[in-house]
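> The sequence isn't on hand, but the structure is:
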């Protein structure tokens, strides 16, 4: 709208000036006026030219006065061009920044997705930790219950130990009487040894000659630590075999060929088993078969984990018996010791391959127990405890407690 107004003003101004110039030129032409000594015709031409110049000058002046844009176009074009160039450069820089910002946005989006995945992984890990924590909590509760149970068992053992101490006092009081009866017990032992000798003498070899060693008979026993180098393990096994050879020489005399032969693959297998294992191993050197005097000693190697089976004073078994007369005492004790033997073997003590025994009792102790049982009447309770810490190797030494069961007690 403003452009139309400006155009109109310029037309009117130009027309007015042209009209005035024409009238002026005509008037000068009619009067034949002269300027600067020029001819009238030339003077009229100059007036016409000046009129055109004036029209142009006034038009430009009017545009400059009335329009800031016209002034800028006439007098500030270079500055406008510089401004436009600067604006274009700024626009290009902004475009570069926009592209860079878009790339950063894309990277930020990728980082955001990665962060979301990590958050999801962390939530999963948190759930796993929560479940593990609950499992540990349940395990702690179970452990607490087990500790309470063990505490009760310890209290019961302390009570049993106290009673055992009282019983030992009673046994001490009977020592004087037992001392007077040792002679008879010694005679019984001599008879038992003679009987055993007769049994050994009665064994006849399937082949010619007498049997010197029986199959499975232990020649030597020892413990070897696992996890050593095969060389160190082999040296300890050879030392144990040498001990077995010395035992045979002492047992049968220097005339006996006590050299021991072991199947090499079996020896290698034993070395590998012990050197690759952990903990303590019990190694037995035993006769591989019945040995007739004059034959080379063939032996086997047996390995067992040598673990602790019973602690000192640990309870083994308790059994109830009825004693009708003193003559029942030996049979009752024999049956009880047989059950002790079975229980100890089941728990891990290795029995003798020939006799099946897992320990031995002193003659005086055996006689004391038989005497106490023989003096009891009615129902009695026999309880066995381990005298010392006992491993799989044995032997198991016992403390036996004899109690008179009161009538009416279950």
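In hand now; what should we look at? Bear in mind that the values here come from a model prediction, so they are computed numbers and not experimental data. Residues are numbered from 1 along each chain as shown.

> can we go C-alpha only for contacts and neighbour counts from here?
Noted.

> what does the helix or strand harbouring residue 321 contact?
Following DSSP states H and E, one finds residue 321 within strand 315-323. Here strand 315-323 makes contact (Cα atoms under 8 Å, 6 or more residues apart in numbering) with 157, 329, 332, 336, 340, 343-344, 373-374, 376-386.

> Just the buried residues of the residues you listed.
Burial by neighbour count, judged by 16 or more other Cα atoms under 10 Å, picks out 329, 332, 336, 340, 344, 373-374, 376, 380, 382-386 from these.

> Can you lay out the residues you listed as JSON lines showing pLDDT, distance to residue 241 and secondary structure?
Below are the buried ones among the contacts of strand 315-323 laid out as JSON lines (pLDDT from 0 to 100; distance: Cα to Cα, whole Å; DSSP: H, G, I helix; E, B strand; the rest coil):
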{"residue": "329", "pLDDT": "88", "distance to residue 241": "43", "secondary structure": "helix"}
{"residue": "332", "pLDDT": "89", "distance to residue 241": "41", "secondary structure": "helix"}
{"residue": "336", "pLDDT": "90", "distance to residue 241": "36", "secondary structure": "helix"}
{"residue": "340", "pLDDT": "90", "distance to residue 241": "32", "secondary structure": "helix"}
{"residue": "344", "pLDDT": "89", "distance to residue 241": "28", "secondary structure": "helix"}
{"residue": "373", "pLDDT": "89", "distance to residue 241": "44", "secondary structure": "helix"}
{"residue": "374", "pLDDT": "86", "distance to residue 241": "46", "secondary structure": "helix"}
{"residue": "376", "pLDDT": "83", "distance to residue 241": "49", "secondary structure": "coil"}
{"residue": "380", "pLDDT": "90", "distance to residue 241": "47", "secondary structure": "strand"}
{"residue": "382", "pLDDT": "92", "distance to residue 241": "41", "secondary structure": "strand"}
{"residue": "383", "pLDDT": "94", "distance to residue 241": "39", "secondary structure": "strand"}
{"residue": "384", "pLDDT": "92", "distance to residue 241": "35", "secondary structure": "strand"}
{"residue": "385", "pLDDT": "93", "distance to residue 241": "34", "secondary structure": "strand"}
{"residue": "386", "pLDDT": "90", "distance to residue 241": "31", "secondary structure": "strand"}
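
> Strands of the stretch 251-400 of the chain, start to end?
260-262, 280-287, 291-292, 297-305, 308-310, 315-323, 378-386, 390-391, 398-404 (DSSP state E, counting those that start in this stretch).

> Name the residues of stretch 349-358 that are buried.
Within stretch 349-358, the residues that count as buried by 16+ other Cα under 10 Å are 349-352, 357-358.

> mind listing the helices for the protein?
Secondary structure of the chain (DSSP state H): helices at 2-31, 40-66, 68-75, 77-173, 175-180, 182-202, 230-252, 264-275, 329-347, 363-375.

> Against residue 287, how distant is residue 346?
Distance, residue 346 to residue 287, using Cα to Cα, to the nearest Å: 24 Å.

> Between those two, point out the one with more neighbours.
Per other Cα atoms under 10 Å, whichever of residue 346 and residue 287 has more neighbours is residue 287, with 22 against 10.

> Now for the more buried one: which residues touch it?
Residue 287 makes contact with 213-219, 297-300, according to Cα under 8 Å, 6+ apart.

> got the residues you listed as TSV, with distance to residue 265 and neighbour count columns?
Below are these laid out as TSV (distance: Cα to Cα, whole Å; neighbours: other Cα atoms under 10 Å):
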residue	distance to residue 265	neighbour count
213	23	19
214	23	18
215	20	17
216	19	18
217	21	19
218	20	19
219	20	20
297	17	23
298	14	18
299	13	23
300	11	20
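
> okay, and for the stretch 201-350 of the chain, where does confidence drop off?
For the stretch 201-350 of the chain, the stretches flagged by pLDDT under 70 are 201-211, 254-255, 293-294.

> mind redoing it with 50?
201-209 (pLDDT under 50).

> picking that back up, so for residue 283, which of the helices of the chain sits nearest?
Smallest distance to residue 283 across these (Cα to Cα): 8.1 Å, for helix 230-252.

> and the end-to-end length of stretch 218-232?
23 Å.

> got a list of contacts for that stretch?
233, 236-237, 240-241, 243-245, 247-248, 271-272, 274-287, 306, 352-353.

> from those, which would you call buried?
Of these, these count as buried by 16+ other Cα under 10 Å: 233, 236-237, 240-241, 243-245, 248, 271-272, 274-275, 280-287, 306, 352.

> Show the model's pLDDT score for residue 388.
Looking at residue 388, its pLDDT reads 90.

> Kindly report the same for residue 175.
For residue 175, pLDDT reads 57.

> got TSV for the contacts of residue 287, with distance to residue 134 too?
Converted to TSV, those look like this (distance: Cα to Cα, whole Å):
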residue	distance to residue 134
213	61
214	59
215	57
216	53
217	55
218	53
219	55
297	62
298	59
299	55
300	52
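
> pLDDT score assigned to the residue positioned nearest the centre of the chain?
Centroid-nearest residue in the chain: residue 132, 13.0 Å away (criterion: Cα atoms, centre = their mean). Residue 132 is assigned 84 on the pLDDT scale.

> show me what contacts it?
Contacts of residue 132 (Cα under 8 Å, 6+ apart): none.

> What of residue 373?
Residues in contact with residue 373 (Cα under 8 Å, 6+ apart) are 323, 326, 329, 402.
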